[in-house]
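[1] Fold the following.
(one chain, ligands or ions: 1)
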Amino acid sequence: MVSSSIEDKAKTLRLLATLLYSAAEVIVKEWEIEAEDPNHDPLLPSETLYHVRRAVVGACGMYSDLVQEPQHRLMELSLQHFTARCLHITARTGVADIIAEADTGSGVNIKTIGTKTGIEPNRLTQVLHALCSLNIFTEIKPGFYGNTELSRQMVNNEPLRNMLVAQGLSIFSSSVELPTMLLNSAGAEKPRKTAYEVMHGAPFWEYFEQNTAKLDDNLNQRPELEIFAHAMIGAGRAQSTPVYADYPWEALQDGTIVDVGGGVGGMSLDLAKRFPRLHFILQDRAAVITEAQAVWRQELPDAVATKRVQFMVHDFFKEQPVKGADAYLMRYILHDWPEEQCITILSKLREAMEPHSRILNVDHIMHNTVGSAHLKRAPAPLPANYGHAQLFSHMFDLAMLTLFDSKEHSPEEFASLAEKSGLKVVKIWECRTVLGVAEMRRDDTALN
Ligand SMILES: C[S@@+](CC[C@H](N)C(=O)[O-])C[C@H]1O[C@@H](n2cnc3c(N)ncnc32)[C@H](O)[C@@H]1O
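    Down below sits the predicted model:
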């Protein structure tokens, strides 16, 4: 948004208003179509709805940026971490579930919520008032709170709740040290320590394993390792459903997918349920594989019994033992590592691949305001990447910087990593979500 004259600003404002006005009719029509479909999955929008939604989020943000008093806006942004804290507090103490259980239509008294959460009601009121202004809860009459469409998503949804909790524990506190990490990095190729290490004294994955003792009574003594493992299922489900629809998984027929650094196997589990012919080998560190076996025995016991899923402790920096698999899946993996390690991980897979093998990197695909030839451009007057609609990916990108000194990759950066690992990107699959698939093959395959 570079316009400064009143004439320019007025033109942009009117264009945005027109965009929003016409989007409303499209959205209402899509809602009506969804309402008539008994099999509609709320996590899978139609193509039309997905694109119009992005445009609306971008346009609303740009519209309010244009009309808000700029100094006020900057100061407001500088305090946004309190929004995250409020969300964390309510997710951690299960406020949405408490309301869902007790609400008979006129809201739940703050005293009841306070007693059940263990938070003094006047203080909790401040937290809930902030979230009500963001439509996360609603105050039905003074001191009585109800759920909204947003807070209802947390009700009986342990994976999502775990994700919201996990973001506010050691990940949140390490962000305090991001300025130190960056200021210390001047002139150095890489910072001596990530912000996460400065704050917690150990790298991310090591810290998790050190802290398998209870963290906090309110979390039923659940250790952070387990919270994070379950959070991956939550985040994965919320973000990946369109990836299951928009990548042609059927083409793998009864092939084998090696889920490299697969965690408890959140993505494989979802794929296994949707594509019953596929086979899976789930690889991760020993502590996570133990957790994974318990999750699969509960969620898909048949796949365990028939060995449709196999579990393997494997360090992805070492030789890949499964040769010539149809697909090596890596969801949320490359974004955890700086470039050098990404190249090692990819090179180890390259050595195991046969010409038919593919690597499927499922991650945020970074799109900046200047745009990319590989990604759909937003309509004018929005910036190429839909502006505010890209915020989620930028936040993830900054989290990766804080935790690992790493990043989310743009199509051009995926291509560069592939080239340095003896691979090539054959396609960037844009999906109806924040995640996409960067598909790689050996650089000597004929496919383009
Ligand atoms: C962000 S999580 C993603 C998990 C999973 N792919 C998913 O989408 O749910 C990254 C995973 O990498 C695993 N990991 C970290 N270092 C590893 C290593 N050297 N070898 C194998 N797995 C590793 C972690 O244990 C964790 O499960």
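[2] and the closest residue to the ligand within the stretch 101-250 of the chain, how many residues sit next to it?
    Residue of the stretch 101-250 of the chain nearest the ligand, by C-beta to the nearest ligand atom: Met232 (3.6 Å). (C-beta placed from N, C-alpha, C; glycine too.) Met232: 23 surrounding residues under other C-beta atoms under 10 Å.
[3] Surely it and Val264 touch.
    Yes - between Met232 and Val264 there is a contact under C-beta atoms under 8 Å: 6.7 Å.
[4] Does the lowest-mean-pLDDT helix or strand in the chain reach the ligand?
    Here the helix or strand of the chain ranked lowest by mean pLDDT, DSSP states H and E is helix 204-210, holding a mean of 77. Yes - using C-beta under 6 Å from any ligand atom, helix 204-210 reaches the ligand at Trp205.
[5] so what are the domain limits for the chain?
    6-71, 95-153, 154-180+196-207+223-243, 244-387+407-442 (the TED database).
[6] May I see those domains organised as TSV, with distance to Ala84 added?
    Formatted as TSV, the domains of the chain follow (distance: least, C-beta to C-beta, whole Å):
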stretch	distance to Ala84
domain 6-71	18
domain 95-153	11
domain 154-180+196-207+223-243	6
domain 244-387+407-442	17
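[7] right, and those - which one's nearest Leu398?
    domain 154-180+196-207+223-243 (7.6 Å; C-beta to C-beta).
[8] what's the first-to-last distance across the closest one?
    Start-to-end span of domain 154-180+196-207+223-243 (C-alpha to C-alpha, to the nearest Å) is 22 Å.
[9] Helix, strand, or coil at Pro355?
    coil (DSSP: H, G, I helix; E, B strand; the rest coil).
[10] swap in His388?
    helix.
[11] Point out where the chain drops to low pLDDT.
    Within the chain, the stretches with pLDDT under 70 are 1-3, 187-191, 210-223, 447-448.
[12] Could you list the residues of the chain in contact with the ligand?
    Proximity of the chain to the ligand, by C-beta under 6 Å from any ligand atom, involves residues 205, 232, 236, 261-263, 266-267, 284-285, 288, 315-317, 331-333, 336.
[13] how does it look with 5 Å?
    205, 232, 236, 261-263, 266, 284-285, 288, 315-316, 331-332 (C-beta under 5 Å from any ligand atom).
[14] Which of the residues you listed fall within strands?
    284, 331 (DSSP state E).
[15] Looking at the residues of the chain next to the ligand, which is nearest Leu20?
    Minimum distance to Leu20 across the residues of the chain next to the ligand is 31.7 Å, recorded for Gly236 (C-beta to C-beta).
[16] Give the closest residue to the closest one in space, chain neighbours not counted.
    With sequence-adjacent residues excluded and distances taken as C-beta to C-beta, 6 or more residues apart in numbering, Gly236 is closest to Gly266, at 3.9 Å.
[17] Equivalent analysis for His374, please.
    Nearest to His374 is Pro411, by C-beta to C-beta, 6+ apart, at 3.7 Å.
[18] check contacts around that neighbour.
    365, 372-375, 425, 428, 438 (C-beta atoms under 8 Å, 6 or more residues apart in numbering).
[19] which SS state does Ile359 fall under?
    Secondary structure, three-state DSSP: Ile359 is strand.
[20] what sits against Leu160?
    Leu160 neighbours (C-beta under 8 Å, 6+ apart): 153-154, 234, 237-238.
[21] Of all the residues in the stretch 151-300 of the chain, which one is nearest the ligand?
    For the stretch 151-300 of the chain, C-beta to the nearest ligand atom, closest residue to the ligand: Gly263, 2.9 Å.
[22] start to end distance for stretch 412-428?
    10 Å.
[23] now stretch 104-118
    OK, stretch 104-118 end separation, C-alpha to C-alpha: 22 Å.
[24] Kindly report the same for stretch 144-152.
    For stretch 144-152, the end-to-end distance is 16 Å (C-alpha to C-alpha).
[25] Can you list the neighbours in contact with that stretch?
    Stretch 144-152 has contacts (C-beta under 8 Å, 6+ apart) with 90, 95-96, 99-100, 103, 106-110, 113, 128, 131-132, 134-140, 155.
[26] what about Ala59, which helix or strand?
    helix 47-67 (DSSP states H and E).
[27] Run the angle between the helix or strand following that helix and helix 47-67 for me.
    Using DSSP H and E, the next helix or strand after helix 47-67 towards the C-terminus is helix 70-78. For helix 70-78 against helix 47-67, the angle by axes from the mean of the first three to the mean of the last three C-alpha atoms, to 10 degrees is 120 degrees.
[28] Follow the chain on from helix 70-78 and name the next helix or strand.
    helix 81-93.
[29] Strands of this protein, residue ranges please.
    Using DSSP E, strands in the chain cover 108-109, 137-141, 144-147, 256-259, 279-284, 309-313, 327-331, 358-364, 423-430, 435-442.
[30] I'd like those strands as CSV, with mean neighbour count and distance to Ile6 appended.
    Shown next, in CSV, are these (neighbours: other C-beta atoms under 10 Å; distance: least, C-beta to C-beta, whole Å):
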stretch, mean neighbour count, distance to Ile6
strand 108-109, 18, 48
strand 137-141, 17, 38
strand 144-147, 22, 43
strand 256-259, 24, 55
strand 279-284, 24, 57
strand 309-313, 17, 62
strand 327-331, 26, 48
strand 358-364, 25, 37
strand 423-430, 18, 37
strand 435-442, 24, 39
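[31] would TSV of these with distance to Leu66 be doable?
    Shown next, in TSV, are those (distance: least, C-beta to C-beta, whole Å):
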stretch	distance to Leu66
strand 108-109	39
strand 137-141	29
strand 144-147	33
strand 256-259	45
strand 279-284	47
strand 309-313	51
strand 327-331	37
strand 358-364	27
strand 423-430	28
strand 435-442	29
